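[1] Would you be able to build a 3D model of this:
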Amino acid sequence: MARIPLDQDPNAGELVIPNKLDAAKELERTVLDRIEDHQFPEVCCFAIKLALEEAITNAIKHGNRNDPSKHITLRFRITPHEVVIWVKDEGAGFDPKTVPDPTLDENLNKPSGRGIMLMRAYMDEVSYSQTASEVKMVKYNPGHPG
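    Numbers count the residues shown, from 1 in each chain. As a prediction, this is how the structure comes out:
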């Protein structure tokens, strides 16, 4: 796992991992340890962990299509006020508007869309790059003013 500082900001970093789920566990732990250092409430840590797992899983399986020659890039900025995470894959991207709503009756048995729904439910902001090969997620610390 490569570690590269973002703009020399001590609250930010960039991690690049191989396109494998087991490599993602170390990446998740690194980010979650930094979040805990900033004393985010446990409920926020759980939400971030779940959203991060979904974003990485989507990048590996759907973005990079399980191709072992590809990588996932995770950038983050963590302050006492907020956590901002970007997860980028090397895939062609997708149109988030075309992902079926997994809560509709006709989609309940379909496996797609649940990860995006969970990211949106657990994070305060979720947005995509123009091609949607990168997701940006933001979680604010409710216990830290401004």
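[2] so Met117 sits in a strand?
    No - going by DSSP: H, G, I helix; E, B strand; the rest coil, the assignment for Met117 is helix, not a strand.
[3] quick one: it and Lys88, what's the gap?
    According to CB to CB, to the nearest Å, Met117 and Lys88 sit 21 Å apart. Every residue, glycine included, has its C-beta placed from N, CA and C.
[4] cool, and Glu42?
    Applying CB to CB to Glu42 and Lys88 gives a distance of 28 Å.
[5] can you tell me which residues contact Tyr128?
    Applying CB atoms under 8 Å, 6 or more residues apart in numbering to Tyr128 gives the contacts Pro96, Glu134, Val135, Lys136.
[6] and stretch 19-33, how far out from the chain's middle?
    Offset of stretch 19-33 from its chain centre (CA atoms, centre = their mean, to the nearest Å): 11 Å.
[7] again but with stretch 33-47, I slipped
    15 Å.
[8] Mind listing what's buried along it?
    Neighbour-count burial for stretch 33-47 flags Arg34, Ile35, His38, Phe40, Cys44, Cys45, Ala47 (criterion: 16 or more other CB atoms under 10 Å).
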